[in-house]
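[1] Kindly return the folded structure for what I paste below:
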Amino acid sequence: MQELIVKKSRFIAYAATVCSEEAAKTYIAEITRQHKKARHVVYAYVTPTATRHSDAGEPHGTAGLPLLNSIQRRNMENIVVVVVRYFGGILLGKGGLIRAYGKAAGMALESMVKEL
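    Coordinates of the predicted model:
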């Protein structure tokens, strides 16, 4: 787990290895249960059978796609990234969201790689 604060919004990023799309969905559901009061729970995953991402209510292309790009840039497979956002009251704009979600995902992936 990695945490990033951007203009009072709190981004909490998680990354895990998964062996299937079902395992990725289970992981996402668990993180969602842990953060019931979060405004957004954004995710992306790459498995042997599926590549998916979700903006979870953020403007189209500003959340899930930066996560997916972070995974693909590192040529990773069998991975899920989830970023939870607690809104801090200040709008970040599309560019700010893309940068924040991308940075949070990168932090989680780098931390996971160091642990392996």
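[2] mind checking how far the closest residue to Glu77 other than its chain neighbours is from Lys103?
    The shortest distance from Glu77 to any non-neighbouring residue, by CB to CB, 6 or more residues apart in numbering, is to Val46 (5.3 Å). Every C-beta, even on glycine, is put in place using the N, C-alpha and C of the backbone. Note on Val46: its distance to Lys103, by CB to CB, to the nearest Å, is 19 Å.
[3] for Tyr27, same thing?
    Tyr27 is 21 Å from Lys103, by CB to CB.
[4] And the helices in this protein?
    Counting by DSSP state H, one finds helices in the chain at the ranges 21-34, 64-73, 93-115.
[5] buried ones in the longest one?
    The one in question is helix 93-115. Buried residues in helix 93-115, counted by 16 or more other CB atoms under 10 Å: 97-98, 100-109, 112.
[6] quick one: which of the residues you listed is nearest Ala56?
    Set against Ala56, the nearest of the buried residues of helix 93-115 by CB to CB is Tyr101 (10.3 Å).
[7] dump the residue contacts of the closest residue to the closest one other than its chain neighbours.
    With sequence-adjacent residues excluded and distances taken as CB to CB, 6+ apart, Tyr101 is closest to Pro66, at 4.4 Å. Pro66 makes contact with 98-99, 101-102, 105, according to CB atoms under 8 Å, 6 or more residues apart in numbering.
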